[in-house]
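Sequence below, structure please.
(2 chains)
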There are 2 protein chains.
Amino acid sequence: MLNFTVGPVQSSDNVLALGSEQVPYFRTPEFSQTMFENERYMLEFANAEENSRAVFITGSGTASMEAAVMNFFTDKDKVLIIDGGSFGHRFVELCQIHKIPFTRIIPSFGYGVTEEQLAFFDNKGYTGFLVNLDETSLGVLYDINIISEFCRKNNIFLVVDSISSFLCDPFDMKKNKIQVMITGSQKALACPPGVSIIIMNPEAVKRVMQNKVRSMYFDLKTALKDGERGQTPFTPAVSILRQINVRLKDIAASGGVDVEIQKRKEIATDFRCKIKPFPFEFVSHSMSNAVTPLHPKSVFAYDIFTVLKNEYNIWVCPNGGKLKNEIFRVGHIGALSTDDNDILINAFKDLLQRKLI
Amino acid sequence: MLNFTVGPVQSSDNVLALGSEQVPYFRTPEFSQTMFENERYMLEFANAEENSRAVFITGSGTASMEAAVMNFFTDKDKVLIIDGGSFGHRFVELCQIHKIPFTRIIPSFGYGVTEEQLAFFDNKGYTGFLVNLDETSLGVLYDINIISEFCRKNNIFLVVDSISSFLCDPFDMKKNKIQVMITGSQKALACPPGVSIIIMNPEAVKRVMQNKVRSMYFDLKTALKDGERGQTPFTPAVSILRQINVRLKDIAASGGVDVEIQKRKEIATDFRCKIKPFPFEFVSHSMSNAVTPLHPKSVFAYDIFTVLKNEYNIWVCPNGGKLKNEIFRVGHIGALSTDDNDILINAFKDLLQRKLI
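Residues are numbered from 1 along each chain as shown, chains lettered A, B, ... in the order given. Below you'll find the predicted structure:
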């Protein structure tokens, strides 16, 4: 199968090879070393400021989203959430569950947020901001410069879920004064799913230490503390953490995060150019390099997913819920090349001939 | 390295081979089929009664312990906890965090609980019971017959964390009227860590549905609901779930759970016989087939762990905290044979000659 979903995605040969090794015992100096390296690379690739920290949570991306809401905010906060799709909406639900006061910003369908939209919330006592930088469900990349400028001006604590944007689009915690970033193992890190990662700048670390969280698993205090010795409070997904290590080292050896982002950009641009003649509409007016969402003009989107899977051995990424028949997505993350794009384009040509699109 | 820890443990060749395959996209009927099979086998191997359910949580064993405390009990309950080691004590901390009223039962060091000890709590209004059936930190296996008889008599809801005992010692949810069982991927299931599993009988399912949980990730209602179509609420650790599938099928093909338990028993018995001449004391007076905890009479336990790791390429399992220098453990779970026991025994012989034990 050729995998164009947005996760799990295709892993490199190096990452796969490690998957068939026995999983080592982990309460050892050797595994601590792996974890120290993982933390160091993650901080480097996010350009986190000095004394920032990264913790690795064994869990889905949602686990880290929930941990973030619980550890960085309290009922004394007043949080803005960009509610532009199913992942942004998850932050809304998490704030409801944990009784964090919030206001939703709902962008126009397929569009990002503007300075004017945010200016409306200037000087209104907001203390926090939650955003899925690339709203993966619709492939809308919000403008981090606009958001971070607004937060800086209003002294707002900014939590960026960069799960599908990290390593795909330029991202700079230091330059943009981002307090917290979240990502996951199965997006552009291109490892199996099961680990999510939270990067905290020193202000965020301080907030964790001062906050009392009603959870053992999601209490980041213990994760930070055990991380000082390269360990985790509970048995982690050791195999995935070792694969992340290989992947991070490969990125570093290939020229670092900028080269990686450039690769993603080339594959995305190549695909967007080649797909133009087909009867699809671009859904997003602000695309990440991670994914291209498409609306088929005359057939059901989910049928395209099914026929590509069953007859062409290709996975594109279906949408769920109300958009199931409206949108499918083509991911550009993982071990993919422009040659792989050609295979998908040829499949679309065939579907066109068969009058299936 | 030869791995005698209690997790992660050695996987079979079949399980390892799958680790190097690309991770498939999972919102598909094909992956749902895998999950249906996983649930069916888990229910079969635990001998769960009809209409029981199993859910798969992407997280450490502690994630499922916390989910259990949150979903099955409220502040109206009154829970008994066997606090016989670091894992039993984790249930104490979880009940403190989630404000579940509880009473601790503290067994004598290295011993299980007796009928007399439990009889003291008869007719005192207890509504729940939490036990780590094999207190893995000390290798003490509690008597499930005594516990379940006490619970049945007092109409108490019984949650058994069987994380290191499942597939090692006889276990029967139906016979013993156990409402909930918890286990993890990296113990006798012998897959990489990252997935924990909660089996619920119909009474437990009903309790989940009636209870309101202040968490998104740990709300078992959505896990149960999505599980009806073989899916999970959040991106799961797909690779590990597929490996669990291979392992469960292998167990079924090799004769089922009784044969698997018999294998564990043979390896444990073989080791316990061969280790007798050495200057170690058995710590536990009620051992699981999963692990043999040993107290070295004249040297530090952690030094034995270190020298075996660095000079013999063997991992035994160290203890943490206060027992670090007192106890090390030899696991019998995972892909091990009596020949592997001989390799470890020969290493001990060598240590004896070198006067290191």
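
how about the residues of the stretch 201-350 of chain A near chain B?
A:214-218, A:233-240, A:309, A:315, A:317-318, A:320 (CB under 8 Å from any CB of the partner chain). The way it works is simple: take the backbone N, C-alpha and C, and place the C-beta from them, glycine included.

looking at chain A, which helix or strand does the model trust least?
strand A:134-135 (a mean of 94; mean pLDDT, DSSP states H and E).

Partner strands of that strand and their direction?
In the sheet, strand A:134-135 lines up against strand A:140-141 (antiparallel) (DSSP bridges).

Show the average pLDDT along the helix or strand just after the strand it pairs with.
Downstream of strand A:140-141, the next assigned helix or strand under DSSP states H and E is helix A:144-153. Mean per-residue pLDDT for helix A:144-153: 98.

What are the contacting residues of the next helix or strand after helix A:144-153?
Beyond helix A:144-153 on the C-terminal side, the first helix or strand identified by DSSP H and E is strand A:157-161. For strand A:157-161, the surrounding residues in contact (CB atoms under 8 Å, 6 or more residues apart in numbering or on different chains) are A:61, A:65, A:68, A:72-73, A:77, A:87, A:91, A:127-133, A:144, A:147-148, A:151, A:176-183, A:203-204, A:207.

Quickly list what residue A:57 is bridged to.
With DSSP bridges as the rule, residue A:57 is bridged to residue A:196.

Is it in contact with residue A:68, as I believe?
No: the criterion here is CB atoms under 8 Å, and residue A:57 misses it with residue A:68 at 10.0 Å.

Helices of chain A, start to end?
A:13-19, A:29-45, A:61-72, A:86-97, A:115-119, A:144-153, A:202-210, A:220-227, A:238-253, A:257-274, A:301-312, A:338-353 (DSSP state H).

For residue A:278, the count of nearby residues, please.
Other residues lying near residue A:278 total 16 when counted by other CB atoms under 10 Å in any protein chain shown.

Could you report the neighbour count for residue A:354?
Residue A:354 has 10 nearby residues by other CB under 10 Å.

related to what we said a few turns ago, kindly supply the ChimeraX command isolating those of the contacts of strand A:157-161 that are buried.
What follows is the ChimeraX syntax selecting those of these that are buried according to 16 or more other CB atoms under 10 Å in any protein chain shown:
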select /A:61,65,68,72,73,77,87,91,127,128,129,130,131,132,133,144,147,148,151,176,177,178,179,180,181,182,183,204,207
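
I'd like to know how far the residue nearest in space to the middle of chain A sits from residue A:85.
Centroid-nearest residue in chain A, with CA atoms, centre = their mean: residue A:163, separated by 1.0 Å. Per CB to CB, to the nearest Å, residue A:163 is found 12 Å from residue A:85.

any common contacting residues for those two?
Shared contacts of residue A:163 and residue A:85, counting by CB under 8 Å, 6+ apart, come down to A:132, A:136.

nearest residue to residue A:59 other than its sequence neighbours?
residue B:59 (4.9 Å; CB to CB, 6 or more residues apart in numbering or on different chains).

Residue A:351 too?
Nearest to residue A:351 is residue A:357, by CB to CB, 6+ apart, at 4.5 Å.

any idea how chain A splits into domains?
A:13-253, A:257-353 (automatic domain parsing).

Could you point out which of those sits nearest residue B:228?
Ranking the domains of chain A by proximity to residue B:228 (CB to CB) places domain A:257-353 first, at 15.6 Å.

What average pLDDT does the closest one get?
pLDDT averaged over domain A:257-353 gives 97.

dump the residue contacts of residue A:184.
A:7, A:60-61, A:64, A:163, A:193, A:195-197, B:235 are the contacts of residue A:184 under CB under 8 Å, 6+ apart.

tell me which of those residues is nearest to residue B:349?
The closest of the contacts of residue A:184, once distances to residue B:349 are taken by CB to CB, is residue A:195, at 40.6 Å.

Quick one, grab the pLDDT at the closest one.
Confidence for residue A:195, expressed as pLDDT, is 98.

Could you report the distance from the closest residue to it other than its chain neighbours to residue A:135?
Excluding its sequence neighbours, the residue lying closest to residue A:195 (CB to CB, 6+ apart) is residue A:185, at 4.1 Å. Residue A:185 sits at a distance of 20 Å from residue A:135 (criterion: CB to CB).
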